[in-house]
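Okay, structure incoming, though there's no sequence with it:
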């Protein structure tokens, strides 16, 4: 177990979420699945209680804690993409698996975890600052899924 990891609270589907992430994102895997040693408020002895997993190299722990805590956009995974096909692949995997599209490259998976699918060209435009950043930012504000060609065109002016 990693010394520091992100703990994500799920109602009851931590293992399903971890397996989905491992299928979709490179450098992702499901590790140890821990079963409850006794009954607990949201489950029974033997139910999956915790799942150790990695998402794009980030160590995580999924906790099946029941319905008491809900996810919000205050936490999200930001996945950097190289081009439109990679952006589309991740976006479509999340939204197409019961997720929900949002604005400016954000979406939620079916478990309520927020994701930012962010093409590198957008981050490079923001880092450039000045008019390039302003044009790219303004273009992004009208998007749901990020359009790499439109961001590139906006950056060029």
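Right, received. Where do you want to start? Everything numeric here is computed off the predicted structure, so don't read it as measured data.

Which residue ranges of the chain form helices?
14-24, 84-96, 120-128, 130-140, 148-156 (DSSP state H).

Quick check: which of those helices is buried the most?
Across the helices of the chain, averaging neighbours per residue (mean count of other CB atoms under 10 Å) puts helix 14-24 on top, at a mean of 20. (Glycine included, C-beta is placed from N, CA and C.)

in the protein, which residue is closest to the centre?
Note on the chain: the residue nearest the mean C-alpha position is residue 115, at 3.4 Å, using CA atoms, centre = their mean.

Need the pLDDT of it.
Residue 115 carries a pLDDT value of 98.

Which residue comes closest to the residue located most distally from the centre of the chain once chain neighbours are left out?
Largest separation from the mean C-alpha position in the chain: residue 38, at 31.3 Å (CA atoms, centre = their mean). Using CB to CB, 6 or more residues apart in numbering and skipping residues adjacent in sequence, the residue nearest residue 38 is residue 45, 4.9 Å away.

Report the separation between that neighbour and residue 57.
Separation of residue 45 from residue 57 (CB to CB, to the nearest Å) stands at 34 Å.

swap in residue 152?
Taking CB to CB, one finds residue 152 at 27 Å from residue 57.

Residue 149 too?
Distance from residue 149 to residue 57, by CB to CB: 28 Å.

Also residue 97?
21 Å.

out of those two, which sits in the more crowded spot?
residue 97 (13 against 10; other CB atoms under 10 Å).

which residues sit in contact with that one?
Residues in contact with residue 97 (CB atoms under 8 Å, 6 or more residues apart in numbering) are 20, 109, 110.

Among the residues you listed, which one sits closest to residue 28?
Closest approach between these and residue 28, by CB to CB: residue 20, at 9.6 Å.

Let me see the contact set for that closest one.
97, 109.

One more pass at 10 Å, please.
By CB atoms under 10 Å, 6 or more residues apart in numbering, the residues touching residue 20 are 13, 28, 30, 93, 94, 97, 98, 109, 110, 111.

Give me the neighbour count for the residue nearest to residue 47 when sequence neighbours are not counted.
Counting by CB to CB, 6+ apart, residue 47 lies nearest to residue 36, which is 5.1 Å off, once chain neighbours are set aside. The tally of other residues near residue 36 (other CB under 10 Å) stands at 16.
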